[in-house]
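Visitor: take a look and give me a structure for this.
(2 chains)
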Amino acid sequence: MKRILLSLALVALLSPALTAQKIKGSDTVLPLSQKLAELYMKSNPSVKLTVTGGGSGIGLAALIEGTTDIAMSSRKIKFDEKVKLQNAGKTSKEVIIAKDALSVIVNPKNKVSKLTREQLEGIFTGKITNWKQVGGADMPITAYSRETTSGTYEFFKEHVLKNKNYKSGILSMPATGAIIQSVSQTPGAIGYVGMAYVTKDVKDILVSFDGGKNYIEPTAENAKAGKYPIVRPLYYYYEVKSEAKINAFLKYVLSPAGQKVVETIGYLPIK
Amino acid sequence: MFKKKKNNFFEILVESAFKLSGSVTSLIIILISIFLFTEGWGLFKSSTVEKGYILCVNKSNNISRISPKDIKEIFDGNITSWKELGGKDIPIEPIRMDEIISLYTEEEIGSNLEHLPEKLSEAISTHEGALGFFPEQFINYKFKGKVLANENINPQEYFAGKEWFPTATPAAQFGLLPLLLGTLWVSLGAILLALPFGIAVAIYLSELAGNKMRSILKPVIELLAGIPSVVYGFFGLIVIVPLIRTVFNLPVGETALAGSIVLAIMALPTIITVAEDAMRNTPIAMKESSLALGATHWQTIFRVIIPYASSGILAAIVLGIGRAIGETMAVLMVTGNAAVIPHTLTEPVRTIPATIAAELGEASAGSVQYQALFMLGAILFVLTLGISILAEVIRKEQHSGHA
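Guide: Residues are numbered from 1 along each chain as shown, chains lettered A, B, ... in the order given. This next block holds a predicted model:
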């Protein structure tokens, strides 16, 4: 009897959550989704959206288990996650909701102000170890990276390191803020962060992806114009079956009003 | 009569509630440890190559197995010839799906990837030095390459491995050694720093401080234990890390030493409280007889009180180590988390708890990395369990030895 009562109480507690639409996943996309959901709920009071973080992997796992309606991800869905979705009898759809440009940052005291992709690859894979090898002062390079599982780490590895692994002595920091803090207080440091997070305490670097012919400054204008090369998409994944349920919200996200929110948060709109 | 009966019923109810919560707690602890080990053990049943993919070579190639470490070195461009692996003297050409897309046009592959299997087969058979890394589902019976046999991750690779690249493709590297040594190294440093300090404060509080001083100091020290570890971590990153960098003139301040200092501060309250309690438990008669025999106060402290409390002090040390080994957040923020085997205290290290905290959130559930992290959890569990048992044994000795 007690058990029945208890489970009834539990169901009663959980039922509002069951009818709400849930968005879960990447901490990079989290602030954007939160803002979008907040504004969307303001104009549609009948809709209840709950947004939680945890990481891209957690969001996609929740999508596979069916405990979230939308999975936010800062990386493309992995092959084995796709297979798992298939095994669970689900087909997922992918929407790019915004883009995020990454800036390469160094300590403000560092004289180096531009690097090529090849030099970045050398620095982060451990083949270049001193700033004088890339035209700077005689000072050892300390490379900072995000954690191995972060979508940012994966993207930088694929895009800038051409799928080579980072050197094993790389310092990995749990968050963007920690990278900025460390780079600002370590003279020989280099790291990468989302463009929107760059502060005055660090210096961003011009990068060249054409072997040193053109160095592009990491600005929102250059990124929007498609000139700046280190730009990654941010994704929403959802099940085809629940499309009807979340379509209105998705439409809002991709609308001009939604994309304006993308810009205010510091990411790039998709168009 | 009625009242008494009600009381009895009430007592029985409370008793059974207590009993229930006690057994539920122990049951949950047992279930958690079983869960840890079963999830972790799956690691040794997983293949070294990423799930859903295969590695393949040209038919004429005489290599039939490549170790995970060599796979990584090949795809990182550090091993470039089959000769280095005991094969023919021809360069290795790693082919991933990215290369396939640039080798063939979209029309050749087909919009629904219908021609992909034959193109993969063609790519492997026309490149003599090829090492293909392809999704398993596109390999059919007509495939003309030689698929390398799938091997499971063996425990030796895990426990003696020196590299931690949990997301490397095609073959992730799970080497426990740098993480385990990093954890022990930071904890050892912490305890060496905290011990002299902690014991000194404990002696002062139990023997030398006046009542007024003690009533101020004791709550303040206990307050130290209540500060959230992330606050210690933040303090460490902003204050201790730059300080270490300038004092030791290092290229980088995020080092094992920074972790040790932060952990030492965090372990101090435990060490002080436990050691002080042990010293205050010295029977007053023993102290008085020592003084009566003409010993000075200091002689009494070093010859009577410390030997008497020695097992309590030992328990304090062990508990302090336990606190240090399991600490996550503060260490994550200040040690730099570089998975290299440490040689000095002024190098960055990566500890086991920090690795779990940093990676579990983004690891895809049930993946090899996920299992490897659970295995780490199991190892940490065994480590702290051993330390707790040690502390318990030492405490028991203290009680039985002086009873």
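Visitor: which of the helices or strands spans the nearest residue to B:S367 once chain neighbours are set aside?
Guide: Nearest residue to B:S367, sequence neighbours excluded (Cβ to Cβ, 6 or more residues apart in numbering or on different chains): A:D80, at 6.4 Å. Any C-beta I mention is one placed from the backbone N, CA and C, and that applies to glycine too. If you go by DSSP states H and E, A:D80 is part of helix A:79-87.
Visitor: and A:A101, by the same measure?
Guide: Going by DSSP H and E, A:A101 is in strand A:92-106.
Visitor: by contact count, what packs against that strand?
Guide: When contacts are defined as 3 or more Cβ pairs under 8 Å, 6 or more residues apart in numbering or on different chains; DSSP states H and E, strand A:92-106 packs onto helix A:151-159, helix A:176-185, strand A:189-194, strand A:203-204, helix A:220-224, strand A:231-239, helix A:243-254, helix A:256-265.
Visitor: residue ranges in the stretch 101-250 of chain A under the pLDDT threshold?
Guide: Applying pLDDT under 70 to the stretch 101-250 of chain A flags the ranges A:149.
Visitor: apologies, that question was intended for the stretch 1-150 of chain B.
Guide: Where the stretch 1-150 of chain B drops to pLDDT under 70, the residues are B:1-6, B:111-112.
Visitor: which stretches of it form strands?
Guide: B:53-57, B:93-95, B:130-135, B:146-147 (DSSP state E, counting those that start in this stretch).
Visitor: for these, which one sits closest to B:A202?
Guide: strand B:53-57 (57.6 Å; Cβ to Cβ).
Visitor: okay, angle between that closest one and strand B:130-135 too, please.
Guide: 160 degrees (axes from the mean of the first three to the mean of the last three Cα atoms, to 10 degrees).
Visitor: adjacent strands (with direction) for strand B:53-57?
Guide: The strands beside strand B:53-57 in its sheet (DSSP bridges) come out as strand B:130-135 (antiparallel), strand B:146-147 (antiparallel).
Visitor: count the residues that sit near residue 33.
Guide: This is for chain A. Neighbour count of A:S33, defined by other Cβ atoms under 10 Å in any protein chain shown: 27.
Visitor: actually it's chain B I care about, not the one you picked
Guide: The burial count for B:S33: 15, using other Cβ under 10 Å.
Visitor: enumerate every residue touching it.
Guide: Neighbouring residues of B:S33 by Cβ atoms under 8 Å, 6 or more residues apart in numbering or on different chains: B:378, B:381.
Visitor: burial measure for the residue nearest to B:G87 when sequence neighbours are not counted, as a count.
Guide: With Cβ to Cβ, 6+ apart as the criterion, B:G87 has its nearest non-adjacent residue at 4.7 Å, and that residue is B:I63. Per other Cβ under 10 Å, the neighbour tally for B:I63 reads 17.
Visitor: now for B:I63: which residues touch it?
Guide: With Cβ under 8 Å, 6+ apart, B:I63 has these contacts: B:57, B:82, B:85-87, B:148.
Visitor: what's the farthest-apart pair in the residues you listed?
Guide: B:G86 and B:L148 (14.3 Å).
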